[in-house]
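J.: Structure for the following, please:
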Amino acid sequence: MLLRFKIKNFLSFYKETVFDMFPNIKREKLSHHVYTEMEVPLLKQVVIYGANGSGKSNFIKAINFLRNFVMYENFLNDIDLDDYIFQLTKEKSQNIFFEIEFLYKDKYYIYNVDISKKEICEKLSISGLNKTQDTLIFERKGTNIIAPSIQNETSVKQLLSLNPNSSLLPLNLKFPVLASNNAKHICEWFSKKTEIISINSTIPALIKLMSQKPQMLSFTNKIFESIGIGIKTVEISDTPFEKWITKTKNTTDLQRIIDKSSIPNRNISQIQNNRNILNITIQKGIKTVQELLFNQYGQSGYFKKMKITAQSDGTVRLLTLIPALYNAIYQNKTIFIDEIDNSIHPNLMFNLLKFYANSESNGQLIFTTHTTKLLNQQELVRPDEVWFVEKVEGNSQMYSLNDFKLHNTLNIENGYLDGRYGGIPLIGEIEAEV
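T.: Next up is the predicted model:
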């Protein structure tokens with residue numbers, strides 16, 4: 001689980017800003033939104049507000065950047081680092097800095113990294129939580145390294161010399177040079193316990209995912225049943241390819257892809273308008289077409305099986321979010337969602353959040369939104385679960401609603417829209433030309 005994240009000189013975050021998942025223990029309402037069984041109490045969810053262009057999406061991008069850096073050794077080689085450094089100052093710093101604290105396998109880790117074109121400096125420790133001294137796992141500056149569990153310092157230096165733009169973490173997975181498994185845990189946490197959903201995210205293999213995880217399909221139906229959008233259930237149909245193709249038009253390209261593929265057992269997903277419209281499984285030469293069908297209510301209790309092509313953008317967006325909610329609840333993942341309300345009605349979003357908050361899990365949900373109505377939903381969100389992003393002279397800064405003194409009768413939504421907490425655009429009048 002995420003504890004704290006620091007960002008500096010990345011995109012619009014020029015000065016160091018700190019985001020955390022720590023609750024205000026004095027607040028007693030919605031106590032089930034706080035995990036208290038660990039040594040450090042943590043929030044189950046956080047909602048982030050801010051004007052367009054304030055830096056909300058850049059916060060998600062910062063998490064994703066660090067995730068890619070930790071997981072992929074060639075990540076920096078494939079990008080232009082200058083594109084991610086803060087630009088709106090004469091005296092540009094060439095270093096991007098991140099620090100993240102997280103809980104994984106009953107240990108609290110602190111990882112920080114200073115990234116520049118000149119060199120990589122990084123440090124990983126087990127946190128003493130300010131009670132005892134942190135335990136160093138490794139500290140690296142360029143090709144120099146200090147690590148209690150190092151097996152061959154010369155080999156490590158050679159490895160870093162050959163891969164100067166890579167973190168030691170993914171290199172250590174391929175060529176284990178640290179005897180301790182602790183260094184592997186940060187890679188595991190990012191790869192297995194975090195998930196990032198952008199505004200335009202899709203799941204190309206959604207049908208395959210639902211087919212291979214019946215429990216996720218059952219979870220999807222539970223969600224649809226709870227939120228009431230006119231869909232009774234969702235199911236996956238299986239049709240022999242030969243039968244399906246006789247009833248379907250414009251299949252030439254699909255047939256060519258199938259014929260060219262030499263892999264004996266495989267899945268081929270077809271995407272149309274960001275929707276996974278079908279999945280073709282080929283097992284031992286037998287081809288089967290799988291489609292998502294929606295049992296949808298109509299007139300006078302009538303319902304019909306409808307394809308995903310007939311569904312609204314909101315329903316399709318919901319299908320993107322449901323696996324993430326499933327992973328937060330049942331896989332204890334930390335999920336980051338940019339603009340959770342994109343194409344989704346506020347009341348539907350509220351129902352999703354209520355469903356998640358009332359579930360028993362050890363996951364976390366961190367999302368951005370413009371739906372201000374949520375601020376007054378006291379049965380859905382605590383003040384310490386609300387964060388703002390505000391941009392001043394090009395620099396984005398983050399702070400919590402918990403930093404403000406709030407009266408019980410205060411209308412938080414109106415206060416936010418009036419600029420009491422910042423994080424809103426200053427818009428002048430737009431005059432039409434005659």
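J.: By average pLDDT, which secondary structure element in the chain comes out worst?
T.: None of the helices or strands of the chain scores lower by mean pLDDT, DSSP states H and E than helix 252-260, at a mean of 70.
J.: what about the helices in this protein?
T.: Ranges of helices in the chain, per DSSP state H, are 56-71, 153-162, 168-174, 182-193, 206-212, 214-227, 241-246, 252-260, 313-330, 346-357, 412-417.
J.: ok, now how distant is residue 112 from residue 72?
T.: Computed as CB to CB, to the nearest Å, the residue 112 to residue 72 distance reads 19 Å. Yep, even glycine has a C-beta here, placed from its N, CA and C like the rest.
J.: show me the contacts for the residue nearest the centre of the chain.
T.: Centroid check for the chain by CA atoms, centre = their mean gives residue 196 as the closest residue, at 2.1 Å. By CB atoms under 8 Å, 6 or more residues apart in numbering, residue 196 lies in contact with 60, 63, 64, 67, 335, 336.
J.: between the residues you listed, which is closest to residue 135?
T.: Of all the contacts of residue 196, residue 135 sits closest to residue 67, with 23.8 Å by CB to CB.
J.: wouldn't the closest one be in contact with residue 194 here?
T.: Yes: applying CB atoms under 8 Å as the test, residue 67 and residue 194 come out as touching, 6.2 Å apart.
J.: Go through the protein and flag its longest strand.
T.: Longest strand of the chain, by residue count under DSSP state E: strand 286-297.
J.: Could I have the CA atoms of that one written out in PDB?
T.: Presented in PDB, the C-alpha positions along strand 286-297 are these (Å, rounded to 0.1, in the frame of the first residue of the first chain):
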ATOM      1  CA  ILE A 286     -10.100 -25.300 -33.000                       C
ATOM      2  CA  LYS A 287     -11.100 -21.700 -33.500                       C
ATOM      3  CA  THR A 288     -13.800 -20.200 -31.200                       C
ATOM      4  CA  VAL A 289     -15.300 -16.700 -31.300                       C
ATOM      5  CA  GLN A 290     -16.100 -15.100 -27.900                       C
ATOM      6  CA  GLU A 291     -18.200 -12.000 -27.500                       C
ATOM      7  CA  LEU A 292     -19.500 -10.000 -24.600                       C
ATOM      8  CA  LEU A 293     -23.300  -9.900 -24.500                       C
ATOM      9  CA  PHE A 294     -25.400  -7.600 -22.400                       C
ATOM     10  CA  ASN A 295     -28.800  -8.900 -21.200                       C
ATOM     11  CA  GLN A 296     -30.500  -5.500 -21.400                       C
ATOM     12  CA  TYR A 297     -34.000  -4.500 -20.200                       C
END
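J.: Provide the strand pairings for that strand, with the direction of each partner.
T.: Paired neighbours of strand 286-297 in the sheet (DSSP bridges): strand 231-240 (antiparallel), strand 275-283 (antiparallel), strand 303-307 (antiparallel).
J.: wait, which of those is closest to residue 126?
T.: strand 275-283 (41.2 Å).
J.: tell me the angle that closest one makes with helix 313-330.
T.: Here the directions of strand 275-283 and helix 313-330 differ by 60 degrees (axes from the mean of the first three to the mean of the last three CA atoms, to 10 degrees).
J.: Name the residues of strand 275-283 that are buried.
T.: Neighbour-count burial for strand 275-283 flags 275, 276, 277, 278, 279, 280, 281, 282 (criterion: 16 or more other CB atoms under 10 Å).
J.: Can you tell me what sits against it?
T.: 202-208, 211, 241, 254, 258, 261, 263-271, 287-292, 307-309, 311, 316.
J.: please redo it, this time with the cut-off set to 6 Å
T.: If you take CB atoms under 6 Å, 6 or more residues apart in numbering as the criterion, strand 275-283 is touched by 206-208, 265-270, 288-291, 308, 316.
J.: Over to stretch 328-343?
T.: 2, 57, 60, 63, 193-199, 313-314, 317, 324, 327, 349, 359, 361-369, 371.
J.: Please apply the same query to stretch 352-371.
T.: 1-2, 33, 45-48, 56, 226, 325, 328-329, 332-341, 346, 380.
J.: so how far does it reach from one end to the other?
T.: One end of stretch 352-371 to the other measures 14 Å (CA to CA, to the nearest Å).
J.: average model confidence for that stretch?
T.: Stretch 352-371 carries an average pLDDT of 93.
J.: Check which residues of it are buried.
T.: Buried positions in stretch 352-371, judged by neighbour count with 16+ other CB under 10 Å: 352-353, 356-357, 361-369, 371.
J.: Not counting sequence-adjacent ones, nearest residue to residue 76?
T.: residue 165 (4.1 Å; CB to CB, 6 or more residues apart in numbering).
J.: Mind pulling up the pLDDT for the one you found?
T.: Reported pLDDT for residue 165: 95.
J.: Can you spell out the domain ranges of the protein, please?
T.: 1-199+338-434, 206-314 (automatic domain parsing).
J.: highest average neighbour count across these?
T.: Across the domains of the chain, the average number of neighbours (mean count of other CB atoms under 10 Å) peaks for domain 1-199+338-434, which reaches a mean of 17.
J.: Now do the end-to-end distance for stretch 8-21.
T.: First residue to last in stretch 8-21 (CA to CA) measures 19 Å.
J.: what does that stretch contact?
T.: 2, 4-7, 42-43, 55, 58, 62, 84, 86, 93, 96-97, 395-398.
J.: redo that, cut-off 8 Å
T.: Contacts of stretch 8-21 (CB under 8 Å, 6+ apart): 1-7, 42-43, 46, 54-55, 58-59, 61-62, 65, 84-86, 88-89, 93, 95-98, 364, 366, 387, 391, 394-398.
J.: quick one: which of these sit in strands?
T.: 2-7, 42-43, 46, 96-98, 364, 366, 387, 391, 395-398.
J.: measure stretch 91-107 end to end?
T.: Taking CA to CA, stretch 91-107 runs 39 Å from one end to the other.
J.: Revised request: answer the last question for stretch 384-400.
T.: This stretch, stretch 384-400, spans 7 Å end to end (CA to CA).
J.: Repeat that for stretch 81-97.
T.: Distance across stretch 81-97, first residue to last, is 12 Å (CA to CA).
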